[in-house]
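Novice: I would like to see how this sequence folds:
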Amino acid sequence: MMEPRPCILVVDDHPEIRNSVARYLKRNGMDVATAENAAEMDVQIESSTPDLIVLDVMMPGEDGLSACARLQETSTIPVLLLTALDTDADLLKGFETGADDYISKPFNPPELLARIRAILRRTQKPGSKDEIAGHKIGFGGVTYDVDARVIERADGRLEVLTSGEASLLCVLIENARVTVSRDDLLLKSTGRLPGPFDRTIDNQVSRLRKKIEPDVLRPRLIATVRNGGYVLSCDVEMLS
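Specialist: Model prediction:
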């Protein structure tokens, strides 16, 4: 039986980019819909829910960051940002809106395809390994429902993780009290190797800390190991 073709929604106000990306993804086994702005994106989502949205940041009207943040309030559709912004502050802002990954313009189409496939792999199977899928995990006063991607904090507040945050947390859970390098975290959570000056993991950890740490300025659950990487610095318990 043939695997269903993933449906990708490409949102970009530049027709050349929008159409060339659509053609490339179609040639590589994907169904593609397009939209030129956030309003058209909303119409497309109402008629058919895509498996992933490729979303341009710099668009007239509602920009991609605003549209991505709004999507996180009503859906779990993963988002890959197309951005001409490349400073750490700009990229962190993109992750804070709930984006799963980003790629800077101008980009290499094969790299875009690899990023899309990596996101689809981790969103189609909750968690980075089968052992914890379907379970609730306890650590440091936090309860994590792996399949629902919902954190119940020590203060009782609920936080929904993006697929990227969920994949990163699962890697940390599976390696509790063991330092994992930034490169290994990126490879295990996204399936790709880092590029030069890649700050993806640092940005993802910063965003994840905001959702699980009692005091984000003094993180105690996800600790930074100097010249080492990051570690989930508490014991993990399978609750159900």
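
Novice: helices or strands up against the biggest helix by length in the chain?
Specialist: In the chain, with assignment by DSSP state H, the single longest helix is helix 109-124. Packing contacts for helix 109-124, counted by 3 or more Cβ pairs under 8 Å, 6 or more residues apart in numbering; DSSP states H and E, involve helix 15-27, strand 52-56, strand 79-83, strand 101-104, helix 163-174, helix 182-190. Yep, even glycine has a C-beta here, placed from its N, CA and C like the rest.

Novice: now residue 145. Nearest residue, chain neighbours left out?
Specialist: Using Cβ to Cβ, 6 or more residues apart in numbering and skipping residues adjacent in sequence, the residue nearest residue 145 is residue 136, 5.2 Å away.

Novice: quick one: pLDDT of the one you found?
Specialist: On pLDDT, residue 136 comes in at 90.

Novice: for it, what are its contacts?
Specialist: Taking Cβ atoms under 8 Å, 6 or more residues apart in numbering, we find residue 136 in contact with 143, 144, 145, 146, 238, 239, 240.

Novice: that older thread, following the longest helix of the chain, which helix or strand comes up?
Specialist: strand 136-139 (DSSP states H and E).

Novice: okay, buried residues for the helix or strand that that next one is followed by please.
Specialist: Following strand 136-139 in sequence order, the next helix or strand is strand 142-145 (DSSP H and E). Buried residues in strand 142-145, defined by neighbour count with 16 or more other Cβ atoms under 10 Å: 142, 143, 144, 145.

Novice: what about the protein, any weak spots by pLDDT?
Specialist: For the chain, the stretches flagged by pLDDT under 70 are 1-3, 85-92, 94, 123-131, 191-198.

Novice: how about the contacts made by the residue nearest the centre of it?
Specialist: Geometric centre of the chain, nearest residue: residue 100, 2.0 Å, by Cα atoms, centre = their mean. When contacts are counted by Cβ under 8 Å, 6+ apart, residue 100 touches 78, 79, 80, 119, 123, 162, 163, 164.

Novice: go again using 7 Å as the cut-off
Specialist: 78, 79, 80, 119, 162, 163, 164 (Cβ atoms under 7 Å, 6 or more residues apart in numbering).

Novice: check residue 159 too.
Specialist: Neighbours of residue 159 in contact, by Cβ under 7 Å, 6+ apart: 151, 153, 211.

Novice: rebuild the buried residues of strand 142-145 as TSV, extending it with distance to residue 180.
Specialist: Below are those laid out as TSV (distance: Cβ to Cβ, whole Å):
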residue	distance to residue 180
142	18
143	22
144	17
145	22
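
Novice: from those residues, which is closest to residue 206?
Specialist: residue 142 (17.1 Å; Cβ to Cβ).

Novice: correct me, but the closest one touches residue 157?
Specialist: No: if you go by Cβ atoms under 7 Å, residue 142 and residue 157 don't touch, sitting 10.5 Å apart.

Novice: neighbours of residue 55, just the number please.
Specialist: Look at residue 55: counted by other Cβ atoms under 10 Å, it has 28 neighbours.

Novice: I misspoke; the intended subject was residue 161.
Specialist: Neighbour tally, residue 161, other Cβ under 10 Å: 24.

Novice: picking that back up, what's in contact with the longest helix of the chain?
Specialist: Looking at helix 109-124 with Cβ under 7 Å, 6+ apart, the contacting residues turn out to be 6, 8, 24-25, 28, 51-52, 78, 80, 100-101, 103, 128, 163, 167, 190-192.

Novice: make a ChimeraX selection of the buried ones in those residues.
Specialist: Only the buried members of the contacts of helix 109-124 end up in this ChimeraX selection, burial being decided by 16+ other Cβ under 10 Å:
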select :6,8,24,25,51,52,78,80,100,101,103,128,163,167,190,191,192
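
Novice: good, wrapping up.
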